[in-house]
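Asks: quick one: sequence plus predicted model below, questions after.
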Amino acid sequence: MSRRNFNKSMQNSFKNSNPPLSVIVPCYNHGQYVRDAIASVEQCDSDLYEIIIVNDGSTDPYTVAVIRELQDEGYHVIDKQNEGLAASRNAAIKVARGRYIVPLDADNKIRPRYIQLGIEVLDQNPGVGVFYGRPELFGEIEARNYPEVESFSLHRLVVENFIDACAVIRKSALFQCGLYDRDMPYSGLEDWDLWLSMAANGWQFSFTDEILFSYRILANSLIDSTRQTDRLEQNIKYLYSKHALLIRRVLNEQLTVMSDHPRAMRYSQLWKERALVRLMNTVLLDSVRSLVRRNSEG
């Protein structure tokens, strides 16, 4: 990106004091990618967005230098100590001016239509808290299998997360759900936790079958690290304890229709394949009993 474009970006950052949407870009040692992420946002009408970059305590000298350059060029940069992805996103959301939020990882890219379409959908549908589309995969594509993205299904969401962080999210819904959870045992499943919280609070999810962002697959990506068995089990136990009532309701609905509902059968099979039934028995039942006990004592 040329210096002239940077100066234009600096002017645009002050052009609209009340943008409808805020793109938040956490960055930890991804200086080689962050300019591409920003450039992808700037293909959209500058009146529609603001960009907030969060330097999450980067230690890589090149990334530190790039962040300094971006700050000098007029970009809104938040510098903070390394506290993880959830804390970085929350820091940006708290100062965001937009009524809608798009989390964009520093190594990914967004398509201009995502911003425009997301604003339209959420403006026209006050009950929708999340708008999402399909990704285009690039980078080390063989490093892992990306989940199939499809229309929203709560039955599937309690089994696995299939909605990427790069979604258009209503800011008021984020605050209602307490923002991103900083207390998870390990980073990497904050998005799944947020979607479960939003579903539990009655927010709707809207999907369009279009490629709206580009997702870079890296061999050492954060989400791959969370799939290590011990970390995965700890995170799953945490999620299922936190969302016990929601998951119990969904499980009961699934059991009711399991005999003649193909989608329910599909998700039941996923439960078995991923060994989540055992976790449900050890975590969910204890959580529900604890809640019932507290309610009866009250």
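Replies: Yep, that arrived. Numbering: from 1, shown residues only.
Asks: tell me the secondary structure at the closest residue to residue 212 other than its chain neighbours.
Replies: Spatially, and ignoring its direct neighbours in sequence, residue 212 is nearest to residue 133 (3.4 Å; C-beta to C-beta, 6 or more residues apart in numbering). Heads up, the C-betas are built off the backbone N, CA and C, glycines and all. Here residue 133 is strand, with the state taken from DSSP: H, G, I helix; E, B strand; the rest coil.
Asks: give the contact list for residue 133.
Replies: The neighbourhood of residue 133, defined by C-beta atoms under 8 Å, 6 or more residues apart in numbering, consists of 114, 117, 149, 207-213.
Asks: now with 6 Å?
Replies: 208, 210, 212 (C-beta atoms under 6 Å, 6 or more residues apart in numbering).
Asks: ok, and the most crowded of those?
Replies: Greatest neighbour count in the contacts of residue 133, by other C-beta atoms under 10 Å, goes to residue 212: 23 neighbours.
Asks: just confirm residue 77 is within a strand.
Replies: Yes - assessed by three-state DSSP, residue 77 belongs to a strand.
Asks: thought it was touching residue 71?
Replies: Yes - with contact defined as C-beta atoms under 6 Å, residue 77 counts as touching residue 71 (4.4 Å).
Asks: how near is the residue nearest to residue 212 to residue 168?
Replies: According to C-beta to C-beta, to the nearest Å, residue 133 stands 9 Å off from residue 168.
Asks: try residue 55
Replies: Residue 55 sits 24 Å away from residue 168 when distances are taken as C-beta to C-beta.
Asks: same question, residue 128
Replies: Distance, residue 128 to residue 168, using C-beta to C-beta: 9 Å.
Asks: can you report phi and psi for residue 210?
Replies: Dihedral angles of residue 210 (phi, psi; degrees, to the nearest 10) stand at phi -130, psi 150.
Asks: that one and residue 109: what is the separation?
Replies: 15 Å.
Asks: which residues of the chain fall in helices?
Replies: Counting by DSSP state H, the chain has helices at residues 3-12, 31-41, 61-72, 85-95, 112-124, 154-157, 171-176, 190-200, 222-225, 229-242, 244-257, 262-273, 276-279, 285-297.
Asks: going by mean pLDDT, which of those helices comes out lowest?
Replies: Here the lowest mean pLDDT among the helices of the chain goes to helix 3-12, at a mean of 45.
Asks: between residue 128 and residue 168, which has more neighbouring residues?
Replies: Neighbour tally, residue 128 and residue 168, criterion other C-beta under 10 Å: the higher count belongs to residue 168, 27 against 19.
Asks: now that one, nearest residue through space, not along the chain?
Replies: Nearest to residue 168 is residue 118, by C-beta to C-beta, 6+ apart, at 2.9 Å.
Asks: can you count the residues close to residue 23?
Replies: If we define neighbours as other C-beta under 10 Å, then residue 23 has 30 of them.
Asks: how about residue 106?
Replies: Around residue 106 there are 26 residues (other C-beta under 10 Å).
Asks: residues in contact with it?
Replies: 25, 27, 30, 33-34, 37.
Asks: pretty sure residue 100 contacts residue 21?
Replies: Yes - using C-beta under 6 Å, residue 100 is in contact with residue 21, at 4.5 Å.
Asks: among the contacts of residue 133, which one lies nearest to residue 200?
Replies: residue 208 (23.7 Å; C-beta to C-beta).
Asks: what separation is there between the closest one and residue 151?
Replies: From residue 208 to residue 151 the distance is 9 Å (C-beta to C-beta).
Asks: follow-up on the earlier one: can I get the contacts of residue 133 in a markdown table with pLDDT and distance to residue 241?
Replies: Formatted as a markdown table, the contacts of residue 133 follow (pLDDT from 0 to 100; distance: C-beta to C-beta, whole Å):
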| residue | pLDDT | distance to residue 241 |
| --- | --- | --- |
| 208 | 97 | 33 |
| 210 | 96 | 36 |
| 212 | 97 | 33 |
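Asks: who are the neighbours in contact with the residue positioned nearest the centre of the chain?
Replies: Nearest to the mean C-alpha position of the chain, by C-alpha atoms, centre = their mean, lies residue 165 at 2.3 Å. Applying C-beta under 6 Å, 6+ apart, we find residue 165 in contact with 103, 191.
Asks: can we see that at 8 Å?
Replies: Applying C-beta under 8 Å, 6+ apart to residue 165 gives the contacts 103, 105, 190-191.
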